[in-house]
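Q: Below is the structure, and that's it, no one-letter string:
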Ligand SMILES: NC(=O)C1=CN([C@@H]2O[C@H](COP(=O)(O)OP(=O)(O)OC[C@H]3O[C@@H](n4cnc5c(N)ncnc54)[C@H](O)[C@@H]3O)[C@@H](O)[C@H]2O)C=CC1
Ligand SMILES: O=C([O-])CC(=O)C(=O)O
(Lines give C-alpha, C1' and ligand atoms only; values in the text may rest on other atoms or scores of the structure.)
(Ligands and ions follow the chains in the order given, each with its own letter.)
Protein backbone atom coordinates (compact mmCIF):
# COMPACT_ATOMS: atom_id res chain seq x y z
CA UNK A 1 0.00 0.00 0.00
CA UNK A 2 2.74 2.43 1.01
CA UNK A 3 4.86 1.66 -2.04
CA UNK A 4 1.88 2.06 -4.33
CA UNK A 5 1.03 5.46 -2.89
CA UNK A 6 4.62 6.62 -3.30
CA UNK A 7 4.67 5.55 -6.91
CA UNK A 8 1.31 7.10 -7.71
CA UNK A 9 2.53 10.49 -6.60
CA UNK A 10 5.46 10.56 -8.97
CA UNK A 11 4.19 13.04 -11.56
CA UNK A 12 2.83 15.72 -9.36
CA UNK A 13 5.15 15.16 -6.43
CA UNK A 14 8.30 15.16 -8.52
CA UNK A 15 9.27 18.78 -8.19
CA UNK A 16 9.00 18.96 -4.42
CA UNK A 17 10.26 15.47 -3.59
CA UNK A 18 13.75 15.22 -4.97
CA UNK A 19 14.21 11.65 -3.82
CA UNK A 20 12.60 10.10 -6.93
CA UNK A 21 14.90 9.75 -9.88
CA UNK A 22 14.55 8.28 -13.35
CA UNK A 23 17.77 6.44 -14.05
CA UNK A 24 19.80 6.66 -17.24
CA UNK A 25 18.80 3.08 -18.04
CA UNK A 26 15.21 4.30 -18.15
CA UNK A 27 15.96 7.03 -20.69
CA UNK A 28 12.68 7.81 -22.37
CA UNK A 29 12.05 10.14 -25.28
CA UNK A 30 8.46 11.35 -25.53
CA UNK A 31 7.20 13.26 -28.58
CA UNK A 32 4.14 15.51 -28.68
CA UNK A 33 2.70 16.28 -32.12
CA UNK A 34 0.52 19.40 -31.98
CA UNK A 35 2.53 20.66 -29.01
CA UNK A 36 1.72 24.35 -29.47
CA UNK A 37 -2.04 23.84 -29.22
CA UNK A 38 -4.55 24.13 -26.41
CA UNK A 39 -3.86 20.57 -25.23
CA UNK A 40 -0.28 20.36 -26.48
CA UNK A 41 1.09 23.15 -24.29
CA UNK A 42 -0.18 22.04 -20.86
CA UNK A 43 0.44 18.40 -21.81
CA UNK A 44 4.05 19.23 -22.61
CA UNK A 45 4.30 21.11 -19.32
CA UNK A 46 3.06 18.08 -17.35
CA UNK A 47 5.44 15.78 -19.20
CA UNK A 48 8.31 18.14 -18.32
CA UNK A 49 7.38 17.61 -14.67
CA UNK A 50 7.52 13.83 -15.04
CA UNK A 51 10.89 12.45 -13.94
CA UNK A 52 10.32 9.33 -16.03
CA UNK A 53 10.68 11.44 -19.20
CA UNK A 54 14.27 12.23 -20.11
CA UNK A 55 13.81 13.85 -23.52
CA UNK A 56 10.81 15.84 -24.69
CA UNK A 57 10.42 16.46 -28.43
CA UNK A 58 7.72 19.00 -29.33
CA UNK A 59 6.40 19.30 -32.88
CA UNK A 60 3.77 21.58 -34.39
CA UNK A 61 3.22 23.20 -37.76
CA UNK A 62 3.80 26.46 -35.91
CA UNK A 63 5.05 27.61 -32.54
CA UNK A 64 6.73 24.51 -31.11
CA UNK A 65 10.22 26.04 -30.72
CA UNK A 66 8.74 28.83 -28.59
CA UNK A 67 6.84 26.39 -26.38
CA UNK A 68 10.01 24.28 -26.06
CA UNK A 69 12.16 27.28 -25.10
CA UNK A 70 9.66 28.27 -22.42
CA UNK A 71 9.24 24.78 -20.95
CA UNK A 72 12.97 24.07 -21.10
CA UNK A 73 13.61 26.59 -18.30
CA UNK A 74 11.70 24.44 -15.80
CA UNK A 75 14.20 22.96 -13.40
CA UNK A 76 13.74 19.27 -14.07
CA UNK A 77 16.40 17.20 -15.79
CA UNK A 78 14.77 16.33 -19.11
CA UNK A 79 15.93 18.03 -22.29
CA UNK A 80 13.36 19.78 -24.47
CA UNK A 81 13.54 20.62 -28.17
CA UNK A 82 10.96 22.17 -30.46
CA UNK A 83 10.52 21.14 -34.09
CA UNK A 84 8.60 22.64 -36.98
CA UNK A 85 8.31 21.67 -40.65
CA UNK A 86 10.86 24.26 -41.79
CA UNK A 87 13.52 23.29 -39.24
CA UNK A 88 14.90 19.90 -38.22
CA UNK A 89 11.41 18.59 -38.95
CA UNK A 90 9.21 15.81 -37.77
CA UNK A 91 11.63 13.00 -38.64
CA UNK A 92 14.22 14.14 -36.13
CA UNK A 93 11.46 14.84 -33.58
CA UNK A 94 10.19 11.28 -33.82
CA UNK A 95 13.44 9.35 -34.16
CA UNK A 96 14.07 7.37 -30.98
CA UNK A 97 10.70 8.26 -29.42
CA UNK A 98 9.16 5.58 -27.21
CA UNK A 99 5.88 7.42 -26.74
CA UNK A 100 4.22 9.68 -29.31
CA UNK A 101 1.18 11.69 -28.21
CA UNK A 102 -0.97 13.16 -31.00
CA UNK A 103 -3.17 16.08 -29.94
CA UNK A 104 -2.73 17.73 -33.39
CA UNK A 105 -6.02 18.61 -35.01
CA UNK A 106 -8.97 20.95 -34.98
CA UNK A 107 -11.23 21.14 -31.90
CA UNK A 108 -15.03 21.42 -31.92
CA UNK A 109 -17.15 24.54 -31.87
CA UNK A 110 -20.67 24.65 -30.33
CA UNK A 111 -23.16 22.67 -32.41
CA UNK A 112 -20.56 20.29 -33.83
CA UNK A 113 -20.16 16.60 -33.07
CA UNK A 114 -16.73 15.00 -32.89
CA UNK A 115 -17.53 13.30 -36.17
CA UNK A 116 -17.85 16.74 -37.78
CA UNK A 117 -14.08 17.04 -37.26
CA UNK A 118 -13.45 13.97 -39.38
CA UNK A 119 -12.87 15.74 -42.69
CA UNK A 120 -10.13 17.97 -41.27
CA UNK A 121 -8.51 15.71 -38.72
CA UNK A 122 -8.42 12.45 -40.69
CA UNK A 123 -5.73 13.73 -43.04
CA UNK A 124 -3.75 15.39 -40.22
CA UNK A 125 -3.65 12.13 -38.27
CA UNK A 126 -2.93 10.09 -41.41
CA UNK A 127 0.10 12.22 -42.24
CA UNK A 128 1.46 12.21 -38.70
CA UNK A 129 0.92 8.44 -38.49
CA UNK A 130 2.93 8.03 -41.70
CA UNK A 131 5.78 10.04 -40.23
CA UNK A 132 5.69 7.93 -37.05
CA UNK A 133 5.52 4.65 -38.96
CA UNK A 134 8.67 5.70 -40.84
CA UNK A 135 10.67 7.24 -37.97
CA UNK A 136 9.64 5.28 -34.85
CA UNK A 137 7.64 2.20 -35.91
CA UNK A 138 8.01 0.58 -32.49
CA UNK A 139 6.84 3.55 -30.43
CA UNK A 140 3.62 3.59 -28.42
CA UNK A 141 1.25 5.85 -30.36
CA UNK A 142 -1.32 7.70 -28.23
CA UNK A 143 -4.06 9.25 -30.36
CA UNK A 144 -5.89 12.19 -28.78
CA UNK A 145 -7.12 13.94 -31.96
CA UNK A 146 -10.85 13.50 -32.55
CA UNK A 147 -12.86 11.68 -33.61
CA UNK A 148 -10.82 9.09 -31.69
CA UNK A 149 -13.24 6.30 -32.66
CA UNK A 150 -12.11 6.82 -36.27
CA UNK A 151 -8.60 8.32 -35.98
CA UNK A 152 -7.28 5.20 -34.21
CA UNK A 153 -8.38 2.88 -37.07
CA UNK A 154 -6.88 5.39 -39.53
CA UNK A 155 -3.55 5.21 -37.69
CA UNK A 156 -3.68 1.40 -37.68
CA UNK A 157 -4.29 1.27 -41.43
CA UNK A 158 -1.34 3.59 -42.08
CA UNK A 159 0.96 1.37 -40.01
CA UNK A 160 -0.41 -1.73 -41.77
CA UNK A 161 0.24 -0.15 -45.18
CA UNK A 162 3.88 0.28 -44.19
CA UNK A 163 4.13 -3.25 -42.78
CA UNK A 164 4.90 -2.08 -39.23
CA UNK A 165 1.54 -2.38 -37.45
CA UNK A 166 1.75 -3.67 -33.89
CA UNK A 167 -1.70 -3.62 -32.25
CA UNK A 168 -0.06 -3.67 -28.83
CA UNK A 169 1.39 -0.21 -29.43
CA UNK A 170 -1.63 1.80 -30.56
CA UNK A 171 -3.92 3.53 -28.05
CA UNK A 172 -6.87 5.89 -28.31
CA UNK A 173 -6.72 8.08 -25.22
CA UNK A 174 -10.07 7.79 -23.41
CA UNK A 175 -8.72 8.67 -19.97
CA UNK A 176 -10.69 11.93 -19.82
CA UNK A 177 -13.91 9.90 -19.75
CA UNK A 178 -12.63 8.01 -16.70
CA UNK A 179 -11.53 11.25 -15.04
CA UNK A 180 -14.98 12.82 -15.65
CA UNK A 181 -16.93 9.72 -14.59
CA UNK A 182 -14.92 9.59 -11.36
CA UNK A 183 -15.21 13.30 -10.63
CA UNK A 184 -18.95 13.46 -11.35
CA UNK A 185 -19.83 10.50 -9.11
CA UNK A 186 -17.78 12.01 -6.31
CA UNK A 187 -19.86 15.18 -6.62
CA UNK A 188 -23.10 13.20 -6.36
CA UNK A 189 -21.96 11.00 -3.49
CA UNK A 190 -19.79 13.54 -1.65
CA UNK A 191 -16.79 11.24 -1.78
CA UNK A 192 -13.14 12.02 -2.36
CA UNK A 193 -12.66 12.07 -6.17
CA UNK A 194 -9.10 10.86 -5.74
CA UNK A 195 -10.40 7.53 -4.51
CA UNK A 196 -12.99 7.09 -7.25
CA UNK A 197 -11.96 5.14 -10.32
CA UNK A 198 -14.96 4.46 -12.55
CA UNK A 199 -14.37 2.11 -15.46
CA UNK A 200 -15.56 3.55 -18.77
CA UNK A 201 -15.76 1.30 -21.80
CA UNK A 202 -16.63 1.64 -25.49
CA UNK A 203 -15.31 4.60 -27.43
CA UNK A 204 -14.89 8.35 -27.10
CA UNK A 205 -17.99 10.17 -28.28
CA UNK A 206 -21.55 10.53 -27.03
CA UNK A 207 -23.36 7.22 -26.80
CA UNK A 208 -20.18 5.22 -27.33
CA UNK A 209 -18.97 6.33 -23.87
CA UNK A 210 -20.28 3.76 -21.36
CA UNK A 211 -19.52 4.27 -17.66
CA UNK A 212 -19.92 1.11 -15.57
CA UNK A 213 -20.97 2.52 -12.22
CA UNK A 214 -22.24 -0.84 -10.98
CA UNK A 215 -18.68 -2.18 -10.98
CA UNK A 216 -17.78 0.46 -8.41
CA UNK A 217 -20.76 -0.61 -6.26
CA UNK A 218 -22.98 2.35 -7.16
CA UNK A 219 -26.63 2.28 -8.21
CA UNK A 220 -28.26 5.46 -9.43
CA UNK A 221 -31.95 5.57 -10.35
CA UNK A 222 -34.28 7.66 -12.45
CA UNK A 223 -33.41 11.25 -13.33
CA UNK A 224 -30.24 11.18 -11.23
CA UNK A 225 -28.95 8.20 -13.22
CA UNK A 226 -29.93 9.71 -16.57
CA UNK A 227 -28.30 13.03 -15.75
CA UNK A 228 -25.10 11.32 -14.62
CA UNK A 229 -24.87 9.23 -17.79
CA UNK A 230 -25.59 12.25 -19.96
CA UNK A 231 -22.94 14.29 -18.18
CA UNK A 232 -20.29 11.61 -18.68
CA UNK A 233 -21.27 10.96 -22.31
CA UNK A 234 -21.54 14.65 -23.16
CA UNK A 235 -19.02 16.17 -20.74
CA UNK A 236 -17.04 17.36 -23.75
CA UNK A 237 -20.05 19.35 -24.97
CA UNK A 238 -20.32 21.04 -21.57
CA UNK A 239 -16.82 22.46 -22.05
CA UNK A 240 -17.38 23.30 -25.73
CA UNK A 241 -20.48 25.31 -24.78
CA UNK A 242 -18.75 27.07 -21.90
CA UNK A 243 -15.81 28.07 -24.12
CA UNK A 244 -18.28 29.56 -26.61
CA UNK A 245 -16.38 28.89 -29.81
CA UNK A 246 -12.86 29.04 -28.37
CA UNK A 247 -12.33 25.28 -28.48
CA UNK A 248 -12.92 22.24 -26.31
CA UNK A 249 -11.40 20.69 -23.21
CA UNK A 250 -7.67 21.36 -23.08
CA UNK A 251 -6.52 21.51 -19.45
CA UNK A 252 -8.41 18.47 -18.16
CA UNK A 253 -7.38 16.65 -21.33
CA UNK A 254 -3.74 17.54 -20.77
CA UNK A 255 -3.98 16.02 -17.29
CA UNK A 256 -5.68 12.93 -18.70
CA UNK A 257 -3.08 12.53 -21.47
CA UNK A 258 -0.21 12.99 -19.02
CA UNK A 259 -1.81 10.42 -16.71
CA UNK A 260 -2.09 7.85 -19.47
CA UNK A 261 1.48 8.48 -20.64
CA UNK A 262 2.60 8.06 -17.02
CA UNK A 263 0.80 4.71 -16.86
CA UNK A 264 2.63 3.51 -19.95
CA UNK A 265 5.95 4.73 -18.58
CA UNK A 266 5.36 2.92 -15.29
CA UNK A 267 4.47 -0.23 -17.17
CA UNK A 268 7.50 0.07 -19.44
CA UNK A 269 9.67 0.47 -16.38
CA UNK A 270 8.40 -2.78 -14.91
CA UNK A 271 5.64 -1.86 -12.45
CA UNK A 272 2.60 -4.10 -12.43
CA UNK A 273 -0.78 -4.40 -10.77
CA UNK A 274 -3.27 -1.69 -10.01
CA UNK A 275 -1.90 1.39 -8.33
CA UNK A 276 -4.04 2.84 -5.59
CA UNK A 277 -6.00 5.80 -6.93
CA UNK A 278 -4.90 9.19 -5.58
CA UNK A 279 -4.82 12.70 -7.01
CA UNK A 280 -3.14 12.52 -10.39
CA UNK A 281 -3.11 8.77 -10.05
CA UNK A 282 -2.28 6.42 -12.84
CA UNK A 283 -2.14 2.67 -12.73
CA UNK A 284 -0.91 0.16 -15.23
CA UNK A 285 -4.46 -1.05 -15.80
CA UNK A 286 -6.37 1.71 -17.57
CA UNK A 287 -9.34 1.87 -19.92
CA UNK A 288 -8.05 2.69 -23.41
CA UNK A 289 -9.35 2.28 -26.96
CA UNK A 290 -7.36 -0.46 -28.66
CA UNK A 291 -7.50 -3.11 -31.37
CA UNK A 292 -9.60 -5.51 -29.32
CA UNK A 293 -10.95 -9.05 -29.69
CA UNK A 294 -13.90 -8.42 -27.34
CA UNK A 295 -16.58 -7.55 -29.93
CA UNK A 296 -14.84 -8.49 -33.17
CA UNK A 297 -17.56 -11.06 -33.84
CA UNK A 298 -19.96 -8.10 -34.08
CA UNK A 299 -17.67 -6.20 -36.45
CA UNK A 300 -16.39 -3.85 -33.72
CA UNK A 301 -12.64 -4.13 -34.15
CA UNK A 302 -11.57 -1.40 -31.71
CA UNK A 303 -12.96 -1.04 -28.22
CA UNK A 304 -12.00 0.60 -24.93
CA UNK A 305 -11.97 -1.65 -21.87
CA UNK A 306 -9.59 -2.10 -18.97
CA UNK A 307 -6.20 -2.82 -20.50
CA UNK A 308 -3.19 -4.03 -18.60
CA UNK A 309 -0.08 -2.23 -19.82
CA UNK A 310 3.41 -3.66 -19.84
CA UNK A 311 6.85 -3.19 -21.38
CA UNK A 312 5.43 -4.26 -24.75
CA UNK A 313 2.43 -1.96 -24.61
CA UNK A 314 -0.87 -3.86 -24.36
CA UNK A 315 -0.25 -6.82 -22.06
CA UNK A 316 -3.81 -8.01 -21.53
CA UNK A 317 -7.24 -6.81 -22.63
CA UNK A 318 -9.71 -7.40 -19.85
CA UNK A 319 -13.29 -8.34 -20.69
CA UNK A 320 -15.95 -5.79 -19.86
CA UNK A 321 -17.13 -7.80 -16.86
CA UNK A 322 -20.44 -7.80 -15.03
CA UNK A 323 -22.88 -5.01 -15.69
CA UNK A 324 -26.48 -4.10 -14.95
CA UNK A 325 -29.26 -4.54 -17.47
CA UNK A 326 -29.32 -0.78 -17.96
CA UNK A 327 -25.58 -0.69 -18.65
CA UNK A 328 -25.99 -3.59 -21.10
CA UNK A 329 -28.53 -1.43 -22.95
CA UNK A 330 -26.00 1.41 -23.16
CA UNK A 331 -23.37 -1.00 -24.45
CA UNK A 332 -25.67 -2.27 -27.20
CA UNK A 333 -26.17 1.28 -28.49
CA UNK A 334 -22.45 1.96 -28.16
CA UNK A 335 -21.47 -1.04 -30.29
CA UNK A 336 -23.73 0.02 -33.14
CA UNK A 337 -22.29 3.57 -33.28
CA UNK A 338 -18.73 2.38 -32.81
CA UNK A 339 -18.93 -0.04 -35.71
CA UNK A 340 -19.90 2.74 -38.12
CA UNK A 341 -17.23 5.14 -36.75
CA UNK A 342 -14.57 2.47 -37.25
CA UNK A 343 -15.75 1.55 -40.73
CA UNK A 344 -15.80 5.22 -41.71
CA UNK A 345 -12.15 5.67 -40.69
CA UNK A 346 -11.00 2.47 -42.39
CA UNK A 347 -12.87 3.20 -45.61
CA UNK A 348 -11.60 6.77 -45.80
CA UNK A 349 -7.97 5.93 -45.23
CA UNK A 350 -7.99 3.08 -47.74
CA UNK A 351 -9.33 5.49 -50.37
CA UNK A 352 -7.05 8.34 -49.28
CA UNK A 353 -3.75 6.74 -48.32
CA UNK A 354 -1.83 9.14 -50.58
CA UNK A 355 1.87 8.64 -51.19
N1 LIG B 1 -9.25 12.32 -26.77
C2 LIG B 1 -9.82 13.23 -26.02
O3 LIG B 1 -10.36 12.93 -24.95
C4 LIG B 1 -9.84 14.66 -26.43
C5 LIG B 1 -9.49 15.03 -27.70
N6 LIG B 1 -9.48 16.34 -28.09
C7 LIG B 1 -9.08 16.62 -29.47
O8 LIG B 1 -7.72 17.03 -29.50
C9 LIG B 1 -7.48 17.82 -30.67
C10 LIG B 1 -6.67 19.06 -30.34
O11 LIG B 1 -7.42 19.94 -29.54
P12 LIG B 1 -6.79 21.36 -29.08
O13 LIG B 1 -5.43 21.19 -28.59
O14 LIG B 1 -7.81 21.99 -28.22
O15 LIG B 1 -6.74 22.12 -30.48
P16 LIG B 1 -5.84 23.39 -30.87
O17 LIG B 1 -6.37 23.92 -32.15
O18 LIG B 1 -5.71 24.32 -29.71
O19 LIG B 1 -4.41 22.76 -31.11
C20 LIG B 1 -4.14 21.89 -32.16
C21 LIG B 1 -2.70 22.07 -32.57
O22 LIG B 1 -2.42 21.13 -33.62
C23 LIG B 1 -1.56 21.80 -34.52
N24 LIG B 1 -1.60 21.11 -35.81
C25 LIG B 1 -2.55 21.15 -36.77
N26 LIG B 1 -2.18 20.40 -37.82
C27 LIG B 1 -0.99 19.85 -37.50
C28 LIG B 1 -0.10 18.99 -38.17
N29 LIG B 1 -0.37 18.51 -39.40
N30 LIG B 1 1.04 18.64 -37.56
C31 LIG B 1 1.32 19.11 -36.30
N32 LIG B 1 0.53 19.94 -35.63
C33 LIG B 1 -0.62 20.31 -36.22
C34 LIG B 1 -2.07 23.23 -34.57
O35 LIG B 1 -1.08 24.10 -35.09
C36 LIG B 1 -2.38 23.47 -33.11
O37 LIG B 1 -1.27 24.01 -32.42
C38 LIG B 1 -8.87 18.10 -31.25
O39 LIG B 1 -9.09 17.23 -32.33
C40 LIG B 1 -9.81 17.79 -30.11
O41 LIG B 1 -11.08 17.43 -30.54
C42 LIG B 1 -9.81 17.32 -27.20
C43 LIG B 1 -10.15 17.03 -25.91
C44 LIG B 1 -10.25 15.67 -25.43
O1 LIG C 1 -15.64 17.37 -26.69
C2 LIG C 1 -14.68 17.50 -27.45
O3 LIG C 1 -14.78 17.80 -28.65
C4 LIG C 1 -13.32 17.24 -26.92
C5 LIG C 1 -13.32 15.93 -26.25
O6 LIG C 1 -13.14 14.90 -26.87
C7 LIG C 1 -13.69 15.89 -24.84
O8 LIG C 1 -13.70 16.93 -24.15
O9 LIG C 1 -13.98 14.78 -24.38
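A: Sure, I can see it. Fair warning: this is a prediction, and the values are worked out from it, not measured in the lab. Ligands and ions are numbered 1, 2, ... in the order given.
Q: ok, now which ones touch the residue of the stretch 201-350 of the chain at minimum distance from ligand 1?
A: Nearest to ligand 1, among the residues of the stretch 201-350 of the chain, is residue 253, at 3.9 Å (C-beta to the nearest ligand atom). C-beta: built from backbone N, CA, C; applies to glycine. Contact analysis of residue 253 by C-beta atoms under 8 Å, 6 or more residues apart in numbering lists 39, 43, 103, 144, 176.
Q: could you pick out which of those residues are near ligand 2?
A: residue 176 (C-beta under 6 Å from any ligand atom).
Q: which stretches of the stretch 151-300 of the chain aren't confidently modelled?
A: Scanning the stretch 151-300 of the chain for pLDDT under 70 picks out 272-283.
Q: shouldn't residue 106 be in contact with residue 118?
A: No - counting by C-beta atoms under 8 Å, residue 106 does not reach residue 118; the two are 10.3 Å apart.
Q: For the two, indicate the residue with more neighbours.
A: Of the pair residue 106 and residue 118, residue 118 is the one with more neighbours under other C-beta atoms under 10 Å, namely 20 against 17.
Q: name the helices or strands packed onto whichever helix or strand the more buried one is part of?
A: Using DSSP states H and E, residue 118 sits in helix 118-135. Applying 3 or more C-beta pairs under 8 Å, 6 or more residues apart in numbering; DSSP states H and E, one finds that helix 118-135 contacts helix 89-94, strand 99-102, strand 140-143, helix 148-161, helix 325-351.
Q: So which residues of the stretch 151-300 of the chain form helices?
A: 175-189, 222-233, 235-243, 251-268 (DSSP state H, counting those that start in this stretch).
Q: quick one: stretch 43-60 to chain centroid distance?
A: 15 Å (C-alpha atoms, centre = their mean, to the nearest Å).
Q: any idea which of the helices of the stretch 151-300 of the chain is most buried?
A: Each of the helices of the stretch 151-300 of the chain was scored by mean neighbour count; the highest is helix 251-268, a mean of 23, by mean count of other C-beta atoms under 10 Å.
Q: Who are the contact partners of the closest residue to residue 74 other than its chain neighbours?
A: Spatial nearest neighbour of residue 74, chain neighbours left out: residue 48 (5.1 Å); criterion: C-beta to C-beta, 6 or more residues apart in numbering. Counting by C-beta under 8 Å, 6+ apart, residue 48 touches 56, 71, 74, 76, 78, 80.
Q: Report the buried members of these.
A: 56, 71, 76, 78, 80 (16 or more other C-beta atoms under 10 Å).
Q: out of those, which are inside strands?
A: Among those, the members falling in strands (DSSP state E) are 56, 80.
Q: Could you dump the buried ones among the contacts of residue 48 into JSON lines with pLDDT and distance to residue 340 added?
A: Shown next, in JSON lines, are the buried ones among the contacts of residue 48 (pLDDT from 0 to 100; distance: C-beta to C-beta, whole Å):
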{"residue": "56", "pLDDT": "98", "distance to residue 340": "37"}
{"residue": "71", "pLDDT": "98", "distance to residue 340": "40"}
{"residue": "76", "pLDDT": "96", "distance to residue 340": "44"}
{"residue": "78", "pLDDT": "97", "distance to residue 340": "41"}
{"residue": "80", "pLDDT": "98", "distance to residue 340": "41"}
